[in-house]
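*Asks:* My questions are about this predicted structure, shown below with the sequence.
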Amino acid sequence: MKVRRRLSLLILCITSMTILISSIHNSSGNVVPSATEQIIVSTNGKFFAQGDMIELKLSVINTTGQVLTINTFKKEYASIVSPCGIGYFDFAFLRGSYPNIATYEDLLSLKDKLINVRWPNPYTSTCMFGYVEGIAYVEIPPNGPDARITYIDRNGETFTRSRHLTDEFRINKYYDQFDTREEISPDEVRVYRASHLLEPGEYTIVGFTLAGTVSKPVVITVGTSTTSLSVLDIYTIPIISILITGIGIPLYMIKRGGRLH
């Protein structure tokens, strides 16, 4: 009787260990990482007329309930590097619809779809804290908006700064990949990147951190019209009412110029 009981306990123990091991692996056999941080992307709409301003907000949240320390980072940057180097968190703006992006590697595979919506100026050696080549260490509090980030400059030296883990952007155009050089005078040359309104079509926005976390993709559509009218605008713009004699039906002359969100 005791032997059977011990055997049953042994089988139960082995079964429990098997379930535990299976629960931390996915179907491909890779270990599933525990939740550490979350990056959220939000916009002021999903449908825009050409020329409308897309208001984009990024936020990074520590989901562990304790101080989160990170010292392992991706080697390849998933977006267009700024004139002052890389950041810990950023977003990729892709031409086309890609709602199934789920990993950092998925995002890297679409780098040929990236368009520059942030940097009208070419690369420069003049930056507030120097050019950032890499990240050495990140410390994110559980209930605070600021992280302590240790950066690596071009000389391999490190410096630490507090960084607010929220960014906001206003986007309605993109910039050329190549610099334009304009000779203003024999002694002065202006270097810039020409801008263009976002062309009609679908675009995908994905936030990411250099730790390898990606946001849920946000797919937006830019239409062909440069102006549109929302229901809200009907109540907020001046209205001139004209009464047709003998009919009693008011006509409304409404100035168009609102935006469809």
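*Replies:* In hand now; what should we look at?
*Asks:* Going along the chain, name the helices of the stretch 1-150 of the chain.
*Replies:* For the stretch 1-150 of the chain, applying DSSP state H, counting those that start in this stretch gives helices covering 2-23, 104-108.
*Asks:* my bad, the stretch 151-261 of the chain
*Replies:* 231-236.
*Asks:* Please, where are all the strands along it?
*Replies:* 158-164, 166-171, 173-175, 180-185, 188-192, 195-197, 201-209, 218-222, 239-243, 250-254 (DSSP state E, counting those that start in this stretch).
*Asks:* In TSV: those strands, plus mean pLDDT, distance to Ile80 and mean neighbour count.
*Replies:* Every residue, glycine included, has its C-beta placed from N, CA and C. Formatted as TSV, the strands of the stretch 151-261 of the chain follow (pLDDT from 0 to 100; distance: least, Cβ to Cβ, whole Å; neighbours: other Cβ atoms under 10 Å):
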stretch	mean pLDDT	distance to Ile80	mean neighbour count
strand 158-164	93	19	13
strand 166-171	96	13	14
strand 173-175	95	9	18
strand 180-185	84	17	9
strand 188-192	83	16	11
strand 195-197	94	14	12
strand 201-209	98	12	23
strand 218-222	98	18	17
strand 239-243	32	45	10
strand 250-254	33	41	10
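*Asks:* Next one: Phe159 from Ile135, what distance?
*Replies:* Note on Phe159: its distance to Ile135, by Cβ to Cβ, to the nearest Å, is 11 Å.
*Asks:* any residues in contact with both of the two?
*Replies:* Residues within reach of Phe159 and of Ile135 at once, by Cβ atoms under 8 Å, 6 or more residues apart in numbering, are Thr150, Tyr151.
*Asks:* still on that earlier bit, so which of the strands of the stretch 151-261 of the chain comes closest to Asn121?
*Replies:* Closest to Asn121 of these, according to Cβ to Cβ: strand 188-192, at 6.4 Å.
*Asks:* and the closest one, C-alpha only, in CSV?
*Replies:* C-alpha atoms of strand 188-192 as CSV (Å, rounded to 0.1, in the frame of the first residue of the first chain):
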residue,chain,number,x,y,z
GLU,A,188,27.6,79.4,-47.4
VAL,A,189,25.9,76.2,-48.3
ARG,A,190,22.5,75.1,-46.8
VAL,A,191,22.1,71.3,-46.3
TYR,A,192,18.6,69.9,-45.8
